[in-house]
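Q: Kindly return the folded structure for what I paste below:
(one chain, ligands or ions: 2)
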Amino acid sequence: MTPLPLGFDAPPETLFDEKAIAVRVKELGAEIAGKRRGSDLTVVSISNGATIFAADLVRAIDLPLRLDSLSARSYDGTESSGEVVFTPHLKLDPRGRNILLVDDILDTGRTLRRVVEYLKDAGAESVETCVMLDKPARRVVGMEADFVGFEIPDVFVVGYGLDYDEYFRNLPYIGTLPGTASIG
Ligand code: 5GP
Ligand code: MG
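A: Ligands and ions are numbered 1, 2, ... in the order given. All right, here's what the predicted structure looks like:
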């Protein structure tokens, strides 16, 4: 059973199935833990999109860590402004912390770059970044993630936290929506 919102009669086409995602998330967790062995880690996920990925990722990181989140979105509707609006309501103080910032997808790069900047300004000791998906073809600002799940071409994807009009976040796999080559 696929959770199809009104107006959709075919489910998204699978790009990465549940199994492939689970395998890759485990690898990412091990990579992160291996690199950071011995150091305290604060994971900050960018909601809503990264919520599901972050939930799986933190359970694959075998390190003492703390989990926090902030909310951000990038207005890109007109192709011009690309302004990133976010509410930095962290519960944990980033000062002096080694932070792993987690997002669902790295697209233009604006969101991640803006939030990294914010965390550094707030006194974080270090900020590393991890994204489930990377669309390098869409980049408009200089930003690369330290850890990437999968690189993908310029297609609009949904599922595993990623939405279309806030739907499809609960889809357990990552898929493409027919007729949405590139939105936002
Ligand atoms: P950036 O600031 O890198 O352009 O934007 C990243 C944000 O744009 C992501 O967190 C996500 O919310 C949204 N986004 C970018 N590409 C896609 C996509 O293919 N599918 C969905 N659902 N959201 C996307
Ligand atoms: Mg997002």
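Q: C-terminal to the longest strand seen in the chain, what's the next element?
A: Determined from DSSP state E, the single longest strand within the chain is strand 65-75. Scanning forward in sequence from strand 65-75 by DSSP states H and E, the next helix or strand is strand 83-87.
Q: Compute the inter-axis angle for that following strand and strand 65-75.
A: 140 degrees (axes from the mean of the first three to the mean of the last three CA atoms, to 10 degrees).
Q: what helices or strands is strand 83-87 leaning on?
A: The contact analysis (3 or more CB pairs under 8 Å, 6 or more residues apart in numbering; DSSP states H and E) places strand 83-87 against strand 65-75, helix 110-121. To be clear about C-beta, it is placed using only N, CA and C from the backbone, and glycine gets the same treatment.
Q: quick one: buried residues of that strand?
A: For strand 83-87, burial by neighbour count (16 or more other CB atoms under 10 Å) applies to Val84.
Q: That strand versus helix 110-121: what angle between them?
A: Here strand 83-87 points in a direction 50 degrees away from that of helix 110-121 (the same axes, to 10 degrees).
Q: From the contact counts, what lies against the helix or strand following strand 83-87?
A: Using DSSP H and E, the helix or strand that follows strand 83-87 in sequence is strand 98-106. Helices and strands touching strand 98-106, by 3+ CB pairs under 8 Å, 6+ apart, are strand 41-47, helix 51-58, helix 110-121, strand 126-134.
Q: Relative to Pro88, which of those is closest?
A: helix 110-121 (5.8 Å; CB to CB).
Q: name the helices or strands packed onto the biggest helix by length in the chain?
A: The residue-count maximum for a helix in the chain (DSSP state H) belongs to helix 18-35. The contact analysis (3+ CB pairs under 8 Å, 6+ apart) places helix 18-35 against helix 51-58, strand 126-134, strand 147-151.
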